[in-house]
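A.B. asks: Model the following, please.
(2 chains, ligands or ions: 3)
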Amino acid sequence: MKSLYGDLPEKDSLLSSGIPSVQDLDGVLPPAEARKKGPVAVLECFQKIPCDPCGQACKFGAIKEFSDVNDLPVIDWMRCTGCGQCVAACPGLAIFVVDETYSPEECLIAMPHEFVPLPERDQVVLLYDRAGRHVGEGAVHRVVRGKDKLATPVVWVRAPKALAYVARALGLPESQGRSGN
Amino acid sequence: MEYELIVVGGGPAGLSGALKAAQNGVRVAVIDRQEELGGQLVKQTHKFFGWSRRNAGVRGIEIGRRLRDAVLAEPRITVFTGTEALGYYPDNSLLIESPSGVSRITGKTFLFATGAQERMLLFPGNDLPGVYGAGAVQTLMNVYGVRPGRSVLMVGSGNIGLIVSYQLRQAGVMVRAIVEALPQIGGYAVHASKVRRLGIPILTRHSIKEAHGREYVEGATIWELDDKFRGIPGTEKDIDVDVICLATGLTPLGDLLWQAGVSMTYVPELGGFVPIYDGNMETERSGIFVAGDAAGIEEASTAMLCGEIAGLAVAAKLGKIPRHRFEEERNVLAQELSALRSGPLSSKVRTGYERIKALVQGRRG
Ligand SMILES: Cc1cc2nc3c(=O)[nH]c(=O)nc-3n(C[C@H](O)[C@H](O)[C@H](O)COP(=O)(O)OP(=O)(O)OC[C@H]3O[C@@H](n4cnc5c(N)ncnc54)[C@H](O)[C@@H]3O)c2cc1C
Ligand code: SF4
Ligand code: SF4
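C.D. replies: Numbers count the residues shown, from 1 in each chain, chains lettered A, B, ... in the order given. Ligands and ions are numbered 1, 2, ... in the order given. Prediction:
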């Protein structure tokens, strides 16, 4: 189904294919007022697992501290500054920051990216959706490497606005090993 | 030389147990057949889940390094690496083999934290070079820096299959597909999604039919399964791979426990035969404790907590700490453990542990 998220199944696809459904994603979509305000975190975490680092990572109190480690994360989008700390902290690589206010044509998307070589600033990168399909190109805006070599790098890309909620992975144009399909 | 506690297995369970016991005054020996301490953790380059106050978000290798450094800095612990425990004797001794030869060491108490072994899968061609267990693929890549091949079929979508697929991609190896016999992905959805968006298809209700090749793997046929897990003729698909990686589950490594005469029981939810043990991780043979995957296939996070409980219980048994302090501290650890296991995805292991608890209570009854 063609949606804000691109061509994704309507529902019930997560556990049979790994692809979140439109229904899953609608449940974590920041409200319009938060999206209009600036960069905002999108927590694509849909299953109760014993995990809480996102709550610890947020220094703005936007992600509620967990009372039960198995809870789903709860975010107050109006307190979120889009700083990206939680993107680097999440062991599930399930958090992204989206800024739809970047320019009239482009958005910024922050994605966790654990592949070498890391792209350089202004480099053109290929963008992929949640099913791994090539959906367009973007340019690297910023690379945040984190404090040591074990940290998850966060790559901020400029992308066409229509891809704000579609693109969720990036690759270098010459990247090897992508199965494609 | 007699030790107060001999720990067999230097993975997260054994090291946590050794530390807890030593910190409470117990003289400990840790034995591991590998040259490096850490068990499975030395191969886990991904970040772990769990509580942030207990290493969540930290990569497995780093958790292993922290445990190892703490153990090496602890004066009450003697470490024997490259040393295999061959057998247990009723006079409380262990036969061990190291590069310098075979010898015996004796202990007042024992903690068996030997981990797990991988399950094989039957299919034509499974004896061809190029068919690997997931553990071997991880060891090649993450310990020795060697790519196992060019293009991989992953069998099994539990966390191990998903994580190893991701690590293969990080190493620049193509993963053609992950096949899963069940209708649902076995591992965490976040791991599945991160692999799927790299373009790796996860095919549920699918399995491998056969491997092809004369001297090594040159391809594989996969097919769809029906509700009874039988292959559906006509759905076969050939895929071009030179590696078939099996991530079809683990089973507790209990050889030494069997041999020591510990009572064992079959609990499918915990991966197979497991020792019967009480809330202190002590088996029905007094002084023999267990922890980690050897006591039931689970996670490093839970293995460490069980190891700590065992280490503490050893200290109490040897009279190093007063009973009330032991109970207080043990209850805190037990609470953390049940909180970790309280989620919907832990329902299987919960059932498994309930069975063991019922057995223990029944026998004491
Ligand atoms: C790919 C993969 C990903 C994983 N991801 C996670 C995760 O994200 N989070 C998580 O919590 N857990 C994870 N786990 C699970 C975790 O690694 C295990 O549950 C944990 O390592 C079990 O610890 P253990 O100490 O019981 O056993 P192990 O780590 O297996 O250690 C057992 C040790 O015993 C030694 N040994 C065995 N027999 C003998 C003998 N006879 N003599 C001498 N030494 C012996 C072995 O050499 C080994 O070092 C993962 C596992 C795998 C394979
Ligand atoms: S992006 Fe920053 S402010 Fe927003 S939730 Fe994440 S850590 Fe908190
Ligand atoms: S850290 Fe990531 S995987 Fe863990 S609860 Fe938060 S969003 Fe989910």
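A.B. asks: Grab the most central residue of chain A for me.
C.D. replies: residue A:96 (2.3 Å; CA atoms, centre = their mean).
A.B. asks: Report all helices and strands that the helix or strand that residue falls within contacts.
C.D. replies: Assessed by DSSP states H and E, residue A:96 sits inside strand A:95-99. When contacts are defined as 3 or more CB pairs under 8 Å, 6 or more residues apart in numbering or on different chains; DSSP states H and E, strand A:95-99 sits against strand A:40-43, helix A:85-89, strand A:106-112. Backbone N, C-alpha and C define where each C-beta goes, glycine included.
A.B. asks: ok, how many other residues are close to residue A:136?
C.D. replies: Residues within reach of residue A:136, counting by other CB atoms under 10 Å in any protein chain shown, total 14.
A.B. asks: ok, the residue of the stretch 201-350 of chain B found nearest ligand 2 - contacts?
C.D. replies: In the stretch 201-350 of chain B, the residue that lies nearest ligand 2 is residue B:343 (22.4 Å; CB to the nearest ligand atom). With contacts defined as CB atoms under 8 Å, 6 or more residues apart in numbering or on different chains, residue B:343 is in contact with A:48-50, A:69-70.
A.B. asks: Residue B:252 pairs with what?
C.D. replies: residue B:116 (DSSP bridges).
A.B. asks: what pLDDT does it get?
C.D. replies: With respect to pLDDT, residue B:252 scores 98.
A.B. asks: Same question for the one 5 residues further on.
C.D. replies: The confidence metric pLDDT takes the value 97 at residue B:257.
A.B. asks: pretty sure it contacts residue B:277?
C.D. replies: No - when contacts are counted by CB atoms under 8 Å, residue B:257 is not listed as touching residue B:277 (9.9 Å).
A.B. asks: Quick check: neighbours shared by those two?
C.D. replies: B:283, B:290.
A.B. asks: Show residues contacting the lowest-mean-pLDDT helix or strand in chain A.
C.D. replies: Taking mean pLDDT, DSSP states H and E as the measure, the helix or strand of chain A with the lowest value is strand A:2-3, at a mean of 87. Strand A:2-3 has contacts (CB under 8 Å, 6+ apart) with A:22, A:25.
A.B. asks: Does the helix or strand following that strand reach chain B?
C.D. replies: Remark: after strand A:2-3, the chain's next helix or strand is strand A:6-7, criterion DSSP H and E. No - Strand A:6-7 lies apart from chain B when judged by CB under 8 Å from any CB of the partner chain; the minimum separation is 11.4 Å.
A.B. asks: immediately after strand A:6-7, which helix or strand?
C.D. replies: helix A:14-17.
A.B. asks: related to what we said a few turns ago, out of the contacts of residue B:343, the closest to residue B:356 would be?
C.D. replies: Of all these, residue B:356 sits closest to residue A:50, with 20.8 Å by CB to CB.
A.B. asks: State the distance from that closest one to residue B:63.
C.D. replies: Applying CB to CB, to the nearest Å, the value for residue A:50 to residue B:63 is 15 Å.
A.B. asks: hang on, the earlier thing: contacts only, for the residue nearest to the centre of chain A.
C.D. replies: Contacts for residue A:96 (CB under 8 Å, 6+ apart) come out as A:41-42, A:44, A:87, A:109-112, A:168.
A.B. asks: ranges for the helices of chain B?
C.D. replies: With DSSP state H, the ranges of helices along chain B come out as B:12-23, B:60-72, B:134-138, B:159-170, B:189-196, B:255-259, B:300-317, B:323-340, B:347-364.
A.B. asks: tell me which residues in the third one are buried?
C.D. replies: The neighbour-count criterion (16 or more other CB atoms under 10 Å in any protein chain shown) identifies B:134-135, B:137-138 as the buried residues of helix B:134-138.
A.B. asks: Pipe those residues into JSON lines and attach distance to chain A and pLDDT per row.
C.D. replies: Output for those, formatted as JSON lines (distance: CB to the nearest CB, whole Å; pLDDT from 0 to 100):
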{"residue": "B:134", "distance to chain A": "18", "pLDDT": "97"}
{"residue": "B:135", "distance to chain A": "21", "pLDDT": "95"}
{"residue": "B:137", "distance to chain A": "15", "pLDDT": "97"}
{"residue": "B:138", "distance to chain A": "16", "pLDDT": "96"}
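A.B. asks: which one of those residues sits closest to residue B:89?
C.D. replies: The closest of the buried residues of helix B:134-138, once distances to residue B:89 are taken by CB to CB, is residue B:135, at 29.8 Å.
A.B. asks: The closest residue in space to that closest one that isn't next to it in sequence and residue A:153: what is the separation?
C.D. replies: Computed as CB to CB, 6 or more residues apart in numbering or on different chains, the closest residue to residue B:135 that is not its neighbour in sequence is residue B:118, at 5.6 Å. Remark: distance between residue B:118 and residue A:153 (CB to CB) = 32 Å.
A.B. asks: For ligand 3, see how far away the residue nearest to residue B:146 when sequence neighbours are not counted is.
C.D. replies: The shortest distance from residue B:146 to any non-neighbouring residue, by CB to CB, 6+ apart, is to residue B:140 (4.6 Å). Look at residue B:140 and ligand 3: by CB to the nearest ligand atom, to the nearest Å, they are 28 Å apart.
A.B. asks: which stretches of chain A have low pLDDT?
C.D. replies: Scanning chain A for pLDDT under 70 picks out A:1, A:175-181.
A.B. asks: which residues of it fall in helices?
C.D. replies: In chain A, the helices defined using DSSP H lie at A:14-17, A:22-26, A:32-37, A:53-57, A:85-89.
A.B. asks: how about the residues of the stretch 201-350 of chain B that lie near ligand 1?
C.D. replies: Residues of the stretch 201-350 of chain B lying near ligand 1 by CB under 6 Å from any ligand atom: B:253, B:256, B:292-294, B:298-301, B:303.
A.B. asks: neighbour-wise, which of the residues you listed leads?
C.D. replies: residue B:292 (36 neighbours).
A.B. asks: List the residues that contact that residue.
C.D. replies: Residues in contact with residue B:292 (CB under 8 Å, 6+ apart) are B:9, B:11-14, B:39, B:113, B:115, B:298, B:303, B:306-307.
A.B. asks: again, 7 Å this time
C.D. replies: Contact analysis of residue B:292 by CB atoms under 7 Å, 6 or more residues apart in numbering or on different chains lists B:11-14, B:113, B:115, B:303, B:306-307.
A.B. asks: Put together TSV for these, with distance to ligand 2 on each row.
C.D. replies: Below are the contacts of residue B:292 laid out as TSV (distance: CB to the nearest ligand atom, whole Å):
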residue	distance to ligand 2
B:11	33
B:12	29
B:13	33
B:14	36
B:113	37
B:115	36
B:303	30
B:306	33
B:307	33
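A.B. asks: burial count for residue B:302?
C.D. replies: 24.
A.B. asks: sorry, that was for residue A:160
C.D. replies: Neighbourhood size, residue A:160 [other CB under 10 Å]: 16.
A.B. asks: thought it was touching residue A:106?
C.D. replies: Yes - between residue A:160 and residue A:106 there is a contact at 6.5 Å, judged by CB atoms under 7 Å.
A.B. asks: do the strand holding residue A:96 and ligand 3 meet at all?
C.D. replies: Yes - Strand A:95-99 is in contact with ligand 3 by CB under 6 Å from any ligand atom, via residue A:95.
A.B. asks: if we can go back for a sec, give me the distance between the residue nearest to residue B:135 and residue B:192.
C.D. replies: 21 Å.
A.B. asks: Between those two, which is the more surrounded one?
C.D. replies: Neighbours of residue B:118 and residue B:192, each counted by other CB under 10 Å, are more numerous for residue B:192; the result is 30 against 17.
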